[in-house]
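here's a sequence, model it:
(one chain, ligands or ions: 2)
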Amino acid sequence: MLSTENRNLLKTISIYDKIPFEFNDGWTDLIYTLGKNIEMYCKLHNITTFEVRQIKEKFATLRFYYMGTNDEFLRAMVREAEEQTEIICEKCGKRGKTLVDDGRWYTACKEHTVDGSLTAKEFKVIQDARSKAMRKCNVCDTRGADGYWDGTTLTNRCEEHREDFITDDEYFIHWEEERKNAIKNK
Ligand SMILES: [Zn+2]
Ligand SMILES: [Zn+2]
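Ligands and ions are numbered 1, 2, ... in the order given. As a prediction, this is how the structure comes out:
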């Protein structure tokens, strides 16, 4: 959790007055700068309703909840800070990456990486393999089926029953492209 020194520093920012800090020391600078920028922006634009609800770490990245305004610039500022925490060590603030240690997510530099941790990507590959091993074919109930798109719906099929369906990944990529084109052509 946060050192007294860092806590006191953050408490000098008025929007952080009444909330607990549920993150570690490494993000202090980022959250301090964000608070300063929000204060300054709200002052310049006469926004008096901005209210922080919660600042916490979840799945090794920052979640910054607030209410009282729909201002787009503020939203972008907060989102950018949240994204930056994906590469800022929670402990010391040096550049790092998001890792998984025995199911626990954290973001750390080289020095603060726990031996044997997986990167978020490696973790996903293992998770996918596990869920594939459990997945049953919709036709014959054999385990180890893959996901496919049969033209109408997503379906799980073993090697024997996959027919000439495209995989669900291919389907989602295709769907994403269609969506982008639709937006472009508006
Ligand atoms: Zn570190
Ligand atoms: Zn089958």
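
so what's the residue nearest the centre of the chain bridging to?
Geometric centre of the chain, nearest residue: T61, 6.0 Å, by CA atoms, centre = their mean. Beta bridges link T61 to K58, judged by DSSP bridges.

any idea how far ligand 1 is from it?
For T61, the distance to ligand 1 equals 15 Å [CB to the ion, to the nearest Å]. The C-beta positions use only the backbone N, C-alpha and C, and glycine is treated the same way.

how much space between that residue and H112?
16 Å (CB to CB, to the nearest Å).

for R79, same thing?
R79 sits 25 Å away from H112, going by CB to CB.

looking at those two, which is more packed in?
H112 (17 against 11; other CB atoms under 10 Å).

which residues are in contact with that one?
Shown in contact with H112 (CB atoms under 8 Å, 6 or more residues apart in numbering): 89-92, 96.

need the contact list for the residue nearest to the centre of the chain.
T61 neighbours (CB under 8 Å, 6+ apart): 82-83, 85-86, 98, 107.

tally of neighbours for F50?
17.

please apply the same query to the one 10 residues further on.
With neighbours defined by other CB under 10 Å, the count for A60 comes to 19.

is it correct that it is in contact with D101?
No: with contacts counted by CB atoms under 8 Å, A60 stays clear of D101, the gap being 10.2 Å.

would you mark the buried spots in the helix or strand hosting E122?
E122 is located in helix 120-134, with elements delineated by DSSP states H and E. By neighbour count on 16 or more other CB atoms under 10 Å, the buried set for helix 120-134 is F123.

let me see the residues that make contact with that helix.
97-100, 105, 118, 143-146.

so among these, which ones count as buried?
The buried subset of the contacts of helix 120-134 - by 16+ other CB under 10 Å - is 97-100, 105, 118, 145-146.

just those residues: which are in strands?
Within these, residues falling in strands by DSSP state E are 97-100, 105, 118, 146.
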